[in-house]
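Student: build me a model:
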Amino acid sequence: MVERFVRERDWNQFHTPKNLSVGMAVEAAELMELFQWHDADGSAALMRQTRTRRAAGEEVADVMIYCLAFANRTGIDVAGAIRAKLAKNRRKYPVRTYRGRFGPDAPRVTAGPQKPRSR
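Tutor: This next block holds a predicted model:
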């Protein structure tokens, strides 16, 4: 679908790895911008708003389109790359060590992000 869209417009000539990777970053930044200056609860609340949810969906689509165009242009097997990366991450982050944690020494979190503690 993405490859046909690009081919119909003769955009392959512009789709260098550099241009496509920059495009990914720009679109990811546009997604991040929707949540700039909001804490975790505020960003979750924003996603319950139709306008924000629609805008976030469009930005996610833009990021994915660039990712797929990059993979198409460079010959990356997306499914194979995902399988390999998940296998690597399973070894790197074993469930018994990382379940409910973002690091081996971090406290376990069971229900959403924790608020910073006052000292």
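Student: how is this structure carved up into domains?
Tutor: Here the domain parsing of the chain from automatic domain parsing is 2-76, 77-107.
Student: determine the longest helix present in this structure.
Tutor: If you go by DSSP state H, the chain has its longest helix at helix 50-74.
Student: so after that helix, what's the next helix or strand?
Tutor: Beyond helix 50-74 on the C-terminal side, the first helix or strand identified by DSSP states H and E is helix 78-92.
Student: output that next one as CSV, nothing but the C-alphas.
Tutor: Backbone C-alpha positions of helix 78-92 (Å, rounded to 0.1, in the frame of the first residue of the first chain) are rendered in CSV as follows:
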residue,chain,number,x,y,z
VAL,A,78,9.8,-5.7,9.0
ALA,A,79,8.2,-8.8,10.4
GLY,A,80,11.6,-10.5,10.6
ALA,A,81,13.2,-7.4,12.2
ILE,A,82,10.4,-7.3,14.8
ARG,A,83,10.7,-11.0,15.6
ALA,A,84,14.5,-10.7,16.0
LYS,A,85,14.2,-7.6,18.2
LEU,A,86,11.6,-9.1,20.5
ALA,A,87,13.8,-12.2,20.8
LYS,A,88,16.8,-10.0,21.7
ASN,A,89,14.6,-8.0,24.2
ARG,A,90,13.3,-11.3,25.8
ARG,A,91,16.9,-12.2,26.6
LYS,A,92,17.8,-8.7,27.7
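Student: appreciated, that's everything.
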